[in-house]
Every structure is written in C-alpha cells, then in structure tokens.
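J.: no sequence for this one, just the structure:
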C-alpha cells in the first residue's frame, strides 16, 4: 500500500498532466509556461519541476499518454467489426466526432507541430502511431486484406489527414469512404 505522501504526489502529477492537455489547445504549445501550468493545476511552480525533469517532458508525457488512450479507443472501434469495410466506416465515424476546432484536434495539431522541433516528442509520437499501424495491419491481415501493413499505413495517414483538414474545412468523411473501401478491397 502506498503512503499518503505518495498518493498526494500521484494526484499532483495527474493534475499537472490534465492542466497541460487543457492549456495546449487554449494557448498553443509554446505559450504554456511553468507558471501558467502550475496555476491551472493549483500548485506552486516549483512543484512542476519536482515531478517532471522539465516543462517539455511534462507536455510530452501528457500528449503522448492521451494519444495512446485515443488510439486505444480507435482500436476498439474497428476491432469489433466483422469486415474491413465496416472497420473503415468505424474509423471514419470516429473522425466525425472531431471538428478540427475542438480541443482534441487542436491538441494533436499542436503536438504534431511541436514534434517538428522536439526530437524526443517526434520519436514518442512516431512510436505511438507505428504501434497503431501495426495493430491495424495485423487486423487487416487476419481479414484477408492484400498488403495489410501498407494498407494500414495509408489508412492511418488518410485518417490523420482528414483530421488535420477538418480545421481547414476539408472534405467530410462521406466523400472519401468509397475510396477507402476500395483500398481495403471492397
């Protein structure tokens, strides 16, 4: 059993991570400061550096953790389907939950941008996306889709692109469903 101090420390870490995922879409990645983050989490700025080696490490952990959660939910959406076409439809339905201007979309756009300047974040995000592609490729293989790993890579890139284009008024998912169905052989 953990001590009360360890439990409080765990709770503070959770509050700091939650504050980060709130502030990044509100202010932009580079405008999140230790002071603002601490204020949002209800702690002193020194506590941030007690729990994390740096502000970038905290922001990276917050976003990577949330991305893992979102992609695990996406796994569940297509994993429950019987056919590749149904899996594509489930993935597109998941995309339809985002507007491009919602907090989650803005958070991930900010993270992708930050990853262009932060080698460690780029490696972490690449790892999360690669794991997702591999899981999707395995599922596609089990369902007889030709070139399943390559197909998974294109599907994931297409879904990412649709999400990014949402904020620019890009095409809806209905406009691309037929093309993606052909990609999986339906």
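T.: Cool, the structure landed. None of these values were measured; they are calculated from a predicted model. Numbers count the residues shown, from 1 in each chain.
J.: quick one: contacts for the residue most central in space within the chain?
T.: In the chain, the residue lying closest to the centroid (Cα atoms, centre = their mean) is residue 67, at 2.7 Å. By Cβ atoms under 8 Å, 6 or more residues apart in numbering, the residues touching residue 67 are 108, 111, 125, 128. For the C-beta atoms, the positions are set from N, CA and C on the backbone; glycine is no exception.
J.: next one: the second one from residue 181, what distance?
T.: Applying Cβ to Cβ, to the nearest Å, the value for residue 111 to residue 181 is 30 Å.
J.: in TSV, list the contacts of residue 67 along with pLDDT, secondary structure and distance to residue 48.
T.: Formatted as TSV, these follow (pLDDT from 0 to 100; DSSP: H, G, I helix; E, B strand; the rest coil; distance: Cβ to Cβ, whole Å):
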residue	pLDDT	secondary structure	distance to residue 48
108	94	helix	23
111	97	helix	19
125	97	helix	22
128	96	helix	24
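J.: please identify which of residue 111 and residue 181 sits among more neighbours.
T.: Using other Cβ atoms under 10 Å as the criterion, residue 111 and residue 181 rank with residue 111 on top: 25 against 17.
J.: settle this for me: the more buried one is touching residue 118, isn't it.
T.: No - if you go by Cβ atoms under 8 Å, residue 111 and residue 118 don't touch, sitting 9.5 Å apart.
J.: show me the contacts for the nearest residue to residue 79 once chain neighbours are set aside.
T.: Among residues not flanking residue 79 along the chain, residue 139 sits closest, at 6.4 Å (Cβ to Cβ, 6 or more residues apart in numbering). Residue 139 is in contact with 78-79, 87, counting by Cβ under 8 Å, 6+ apart.
J.: on that earlier part again, out of the contacts of residue 67, who's nearest residue 46?
T.: Nearest to residue 46 among these: residue 111, at 26.0 Å, using Cβ to Cβ.
J.: contacts only, for the closest one.
T.: 24, 29, 63, 67, 121, 125.
J.: count of residues packed around the second one?
T.: When counting by other Cβ under 10 Å, one arrives at 23 neighbours for residue 29.
J.: could you pull up phi and psi at it?
T.: Main-chain dihedrals, residue 29, degrees, to the nearest 10: phi -50, psi -50.
J.: what score does it have for pLDDT?
T.: Here, the pLDDT recorded for residue 29 equals 96.
J.: again with the fourth one
T.: According to the per-residue confidence, residue 67 scores 95 in pLDDT.
J.: sticking with it, tell me its helix or strand.
T.: If you go by DSSP states H and E, residue 67 is part of helix 55-79.
J.: also the fifth one?
T.: Secondary structure from DSSP H and E places residue 121 in helix 119-142.
J.: in that helix, which residues are buried?
T.: By 16 or more other Cβ atoms under 10 Å, the buried positions in helix 119-142 come out as 121-122, 124-125, 128-129, 132-133, 135-137, 139-140.
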